[in-house]
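Visitor: I'll drop the sequence and a predicted model, then ask my questions.
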Amino acid sequence: MSSSDYFIDWIDLKQDHRSTHMHKQTGCDFQEFSVYHGGVYARGSDVVLDRDGENVYFLIGGKASEAKSVGMGYRRGRHEGSYSTSVSLRSDGRIVQISGNVGRLDRADNLWNYGLTDTVDLCNRVVRGKGLDLPEFSRGSQFLRDSISETDRRKKVSPWYWSGAVCNEIHVTRNFYAGSDAMAAESMRDMGGRRLSRIAKNAYGLETLSFGMPSRKGQRLHKAVVVYRKGPEMLAHAKGDDSRAAVKASPEYELAMDCGLVRVECKFGSHFLRENN
């Protein structure tokens with residue numbers, strides 16, 4: 001099979017602007033910025049009773065408590081684009097976090113996507129645009145840790161780290177072309193007979209294979225490989241007969257089927273990324 005260059009199909013990027021060393025080095029006071037979220041929550045609370053400006057109250061043990069006394073947090077908000085695309089975005093005035101297929105935003109298809117540098121640039125375009133006016137994600141500077149745990153030392157985690165943005169999860173993807181959908185199905189059959197050492201495998205017919213995906217809800221992703229035929233996957237995400245008919249009539253679907261497009265997606269979680277510096 002022939003292949004394309006790699007691209008980023010999902011990213012979770014976060015930056016705590018109150019703790020960046022740039023502010024400490026320059027001596028500048030930190031200035032809070034806009035808040036953007038999808039709702040307020042507090043640990044151990046049952047119901048949000050009322051909100052008056054910035055005063056949020058929760059029902060805890062039958063009594064109303066102020067949010068600050070119970071540890072208020074913000075849920076991720078949904079930032080929508082055209083073609084029914086969206087990413088998750090959250091800002092509490094100090095920490096900004098974005099997650100999703102940022103390269104897919106405002107695009108009709110994602111047969112191809114963007115590399116890492118361009119994807120981060122697109123993340124910055126989102127946080128700057130549409131009235132959000134949030135600070136950009138930055139690389140920061142390199143610093144030596146004050147201390148390192150025995151676990152990090154055993155796993156050979158670097159004592160150096162970068163201030164600025166932190167990538168909590170990333171999906172690195174590459175397209176392969178088998179020549180036809182029938183050959184793509186044969187490729188999936190061949191890969192279905194393979195195993196990775198000490199890694200669980202799940203197969204869903206000749207459409208999708210996954211190695212190392214979390215098997216339980218809430219289980220943290222470390223690393224995984226997912227292989228799937230792109231044409232059937234496009235149909236699986238279409239909702240309703242009209243949507244499926246539109247997908248089948250699209251040139252992207254026709255191309256994926258004619259070329260036998262097989263996608264290999266490597267997913268890396270925060271622990272894997274940190275352990276591998």
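Guide: Here it is on my side, so go on.
Visitor: these two touch, right, D92 and G77?
Guide: No - counting by C-beta atoms under 8 Å, G77 is not a contact partner of D92; they are 11.1 Å apart. No exception for glycine: its C-beta is placed from N, CA and C like everyone else's.
Visitor: For the closest residue to L261 other than its chain neighbours, the count of nearby residues, please.
Guide: Residue nearest to L261 in three dimensions, not counting chain neighbours: K230, with 4.2 Å by C-beta to C-beta, 6 or more residues apart in numbering. Other residues lying near K230 total 22 when counted by other C-beta atoms under 10 Å.
Visitor: For K230, what are phi and psi?
Guide: Dihedral pair for K230: phi -70, psi -40, per degrees, to the nearest 10.
Visitor: Let me know the distance separating it from N113.
Guide: Distance of K230 to N113, given as C-beta to C-beta, to the nearest Å: 12 Å.
Visitor: Mind listing the shared neighbours of D92 and G77?
Guide: Residues touching both D92 and G77 (C-beta atoms under 8 Å, 6 or more residues apart in numbering) are H37.
Visitor: Run through the residues that contact R76.
Guide: With C-beta under 8 Å, 6+ apart, R76 has these contacts: H37, G38, S88, L89, R90, Q97, S99.
Visitor: Can you tell me how far it is from G140?
Guide: From R76 over to G140 the distance is 23 Å, taken as C-beta to C-beta.
Visitor: residue ranges with poor pLDDT in this protein?
Guide: 1-3, 19-31, 41-72, 130 (pLDDT under 70).
Visitor: Outline the domain layout of it.
Guide: 11-41+68-168, 178-277 (automatic domain parsing).
Visitor: would you turn these into CSV with distance to S4?
Guide: Below are the domains of the chain laid out as CSV (distance: least, C-beta to C-beta, whole Å):
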stretch, distance to S4
domain 11-41+68-168, 7
domain 178-277, 9
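Visitor: of those domains, which approaches D5 most closely?
Guide: domain 11-41+68-168 (7.4 Å; C-beta to C-beta).
Visitor: list the buried ones in the helix or strand containing L13?
Guide: Using DSSP states H and E, L13 falls within strand 7-16. Neighbour-count burial for strand 7-16, counted by 16 or more other C-beta atoms under 10 Å, picks out F7, I8, D9, W10, I11, D12, L13, K14, Q15.
Visitor: Same check on stretch 116-134?
Guide: T119, V120, L122, C123, N124, V126, V127, L134.
Visitor: then that stretch to PDB, C-alphas only?
Guide: Only the C-alpha atoms of stretch 116-134 are listed here, as PDB (Å, rounded to 0.1, in the frame of the first residue of the first chain):
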ATOM      1  CA  LEU A 116       1.400  19.500  14.300                       C
ATOM      2  CA  THR A 117       2.700  23.100  13.800                       C
ATOM      3  CA  ASP A 118      -0.300  24.000  11.600                       C
ATOM      4  CA  THR A 119      -2.700  22.400  14.100                       C
ATOM      5  CA  VAL A 120      -1.400  24.500  16.900                       C
ATOM      6  CA  ASP A 121      -1.700  27.600  14.700                       C
ATOM      7  CA  LEU A 122      -5.300  26.600  14.100                       C
ATOM      8  CA  CYS A 123      -5.900  26.300  17.900                       C
ATOM      9  CA  ASN A 124      -4.600  29.800  18.300                       C
ATOM     10  CA  ARG A 125      -6.900  31.000  15.500                       C
ATOM     11  CA  VAL A 126      -9.800  29.600  17.400                       C
ATOM     12  CA  VAL A 127      -9.000  31.200  20.800                       C
ATOM     13  CA  ARG A 128      -8.300  34.600  19.100                       C
ATOM     14  CA  GLY A 129     -11.400  34.700  16.900                       C
ATOM     15  CA  LYS A 130     -15.100  35.200  17.100                       C
ATOM     16  CA  GLY A 131     -15.000  37.600  20.000                       C
ATOM     17  CA  LEU A 132     -13.200  35.200  22.400                       C
ATOM     18  CA  ASP A 133     -10.000  37.200  22.500                       C
ATOM     19  CA  LEU A 134      -8.200  34.600  24.600                       C
END
